[in-house]
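Asks: predicted model and sequence below, questions to follow.
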Amino acid sequence: MTDAPPRGREWALPLALAGATFAWLYLVAMLRAYTLLGGYDLATFSQAAWLISSGEAPFVTIRGLHLLGDHAYPIFYPMAWLTWVLPTVPTLLAVQAAALAAGIVPLWALARRVAGLGVPAAAGLCVAYAAYPALHNVNFFDFHPEVVAVPALLGAVLFALTDRWWPYAGCVALALACREDISLVVLFLGVLLALQGRRRAGVVTMAAGFAWLVLTTQVIQPHFAGTFVQAAFLERYGDGIGEIVVTMAGDPVAVLGDLFTAQNAFFVAAMLAPVLFLPLLAPSYLLPVVPLEILYLLSSRATAHTIEAQYTVSAIAMVFVATTMALPKVCAWWAPRRKTLPSWAPAVALAAAAVVSHTALANDSVLTRPWGMRSRDGVDQARLAAAELIPPDAAVSGTDRMWPLVAERRTLYNFPSPWERYEASNDPIPVEVRRAEVDYLLVDTVDRAQWDPGRAEALERIVRQTGARLVFDRAGIRVYALTPGGAGTG
């Protein structure tokens, strides 16, 4: 171990790697957005950012829910304020890529100052982080403000283990501001600190995590949504938090059966294999994230059982904390073998494992050829042309692929909402008014992932009911006007 922090020219390596990681993450995210592959979440946060930067309450009509009723995202507000002067989608994607890349900086300091790793081992660790498949998939999956929790949690562990409590408190506050369920990670981070002998800090951290969990799930989110809507993802166990807890406690065998599935086992393997399962050598550092991951793996949200989406952000941070703390054991085991094998071999093996795993598991790997997203086909051009027909102040009901193109407005619905399946939570505007105010229908009948027979039938019904006029029809992209002064024929 060493108490001396890395200084001087040594910082050039992690900073350069962080810069290169940011450049790649931002490039592939922008390529995906350029090819119009963004969807629900990118549009949701684009509309929320536009509303906040316009001085309005972020009631996201795509979701039918106030932003803070969906999740407690205070961290999103300063991100949204940036879009008052900067373009929305590029700004949000840049913030996301920067947050993920920034994790390299506290990770390097943790490796050098706390774990006492040499430069080769620390460099291998940071390369593994930069190539980690789950991290790339989070970046490639639209936009999510909770990615800030990755560097925040890494920083919190760094400052806690070096007894720098004011910056530690700042990192904890930042993590809590990312999303309500991260308060569980903070709570159990406090448990970890208490078990390590930092009892006072541990108790304060546990209290902060528990208080924020209660405040967000029982006060803030119900205030904006009328209920704690996220409990629905554990609906197989009951309708509310109380009933869910009672059901799970009353039948632990069933819960274990739901938890230990082949899909969940693959998820665990996909999280640990890219770092050679090294976190299992320092399992206590995985403790903070285990309770939250169990809830995710028991939920009905399909993407929470994969490394494809944003549900891995807390796990990414703690997996790399545990990997960092395990590496000294590997290096100590390796030391007697240096006569036949080079001292930097463990670092190379770790970096190579992450790179190979990235190729197989990351959605922006060379196998997916993300650079092929540099061009737009005829359907993309039709999508753009259709979106340009719609005035910026018009109320629109549209299909998924079209949302990001028209999200920066007060009113945008998930077609066939608000006529059918408009499951709004605590909407201050009656649904009858919502239906009457729609000016345009914007539908993409090409993308079969979101255009199914049910939506096609709904379109026919709504056109008959409203007398909507077809004003644009090209390459399977259609625009219908519901107002007399609608756009001209395309």
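Replies: All right, it came through fine.
Asks: give me the phi and psi for L65.
Replies: phi -160, psi 140 (degrees, to the nearest 10).
Asks: so it versus P391, what's the distance?
Replies: Distance of L65 to P391, given as Cβ to Cβ, to the nearest Å: 25 Å. (Glycine included, C-beta is placed from N, CA and C.)
Asks: ok, the two, which is more surrounded?
Replies: L65 (24 against 13; other Cβ atoms under 10 Å).
Asks: which SS state does the residue nearest to the more buried one when sequence neighbours are not counted fall under?
Replies: Distances taken as Cβ to Cβ, 6 or more residues apart in numbering put S425 closest to L65, at 4.7 Å, once the chain neighbours are dropped. Classification of S425 using DSSP: H, G, I helix; E, B strand; the rest coil returns coil.
Asks: hmm, V229 and S425 touching each other?
Replies: Yes - with contact defined as Cβ atoms under 8 Å, S425 reaches V229; the gap is 5.9 Å.
Asks: neighbour-wise, which of the two wins?
Replies: Neighbour comparison, S425 and V229: the larger count goes to V229, with 19 against 16 (by other Cβ under 10 Å).
Asks: show me the contacts for the more buried one.
Replies: L65, G69, D70, Q221, S425 (Cβ atoms under 8 Å, 6 or more residues apart in numbering).
Asks: again, only this time at 6 Å
Replies: Going by Cβ atoms under 6 Å, 6 or more residues apart in numbering, V229 touches S425.
Asks: 436 is where my numbering starts, stick with that
Replies: All right, first residue 436 from here; so that's V664.
Asks: please tell me the pLDDT value assigned to it.
Replies: As predicted, V664 sits at a pLDDT of 90.
Asks: likewise T775?
Replies: For T775, the model assigns a pLDDT of 51.
Asks: might one say that A788 is in contact with L711?
Replies: Yes - at 5.1 Å, A788 and L711 qualify as touching, with contact defined as Cβ atoms under 6 Å.
Asks: okay, now the unreliable bits of the stretch 686-835 of the chain?
Replies: The model of the stretch 686-835 of the chain has pLDDT under 70 over residues 769-779.
Asks: same thing but at 80, please
Replies: 766-781 (pLDDT under 80).
Asks: now the phi/psi pair for the residue nearest to L500, please.
Replies: The phi/psi pair for S860 (degrees, to the nearest 10) is phi -120, psi 110.
Asks: count the residues that sit near G632.
Replies: Around G632 there are 8 other residues, counting by other Cβ under 10 Å.
Asks: T747: what secondary structure?
Replies: Under three-state DSSP, T747 falls in the helix class.
Asks: quick check: domain ranges of this protein?
Replies: As given by automatic domain parsing, the domain ranges for the chain are 443-805, 813-916.
Asks: highest mean neighbour count out of those?
Replies: For these, the largest average neighbour count (mean count of other Cβ atoms under 10 Å) is found in domain 443-805, namely a mean of 20.
Asks: how far does that one sit from the chain's center?
Replies: 8 Å (Cα atoms, centre = their mean, to the nearest Å).
Asks: phi, psi for the nearest residue to T918 once chain neighbours are set aside please.
Replies: Counting by Cβ to Cβ, 6+ apart, D874 is the residue found nearest to T918 once chain neighbours are left out, at 5.0 Å. D874 has phi and psi values of phi -100, psi -30 when expressed as degrees, to the nearest 10.
Asks: so D874 is in contact with D828, correct?
Replies: No - look at D874 against D828 with Cβ under 6 Å: they stay out of range, at 8.8 Å.
Asks: in contact with the residue positioned nearest the centre of the chain: list those residues for me.
Replies: Nearest to the geometric centre of the chain sits Q745, at 2.9 Å (Cα atoms, centre = their mean). Contact analysis of Q745 by Cβ under 6 Å, 6+ apart lists V573, H579.
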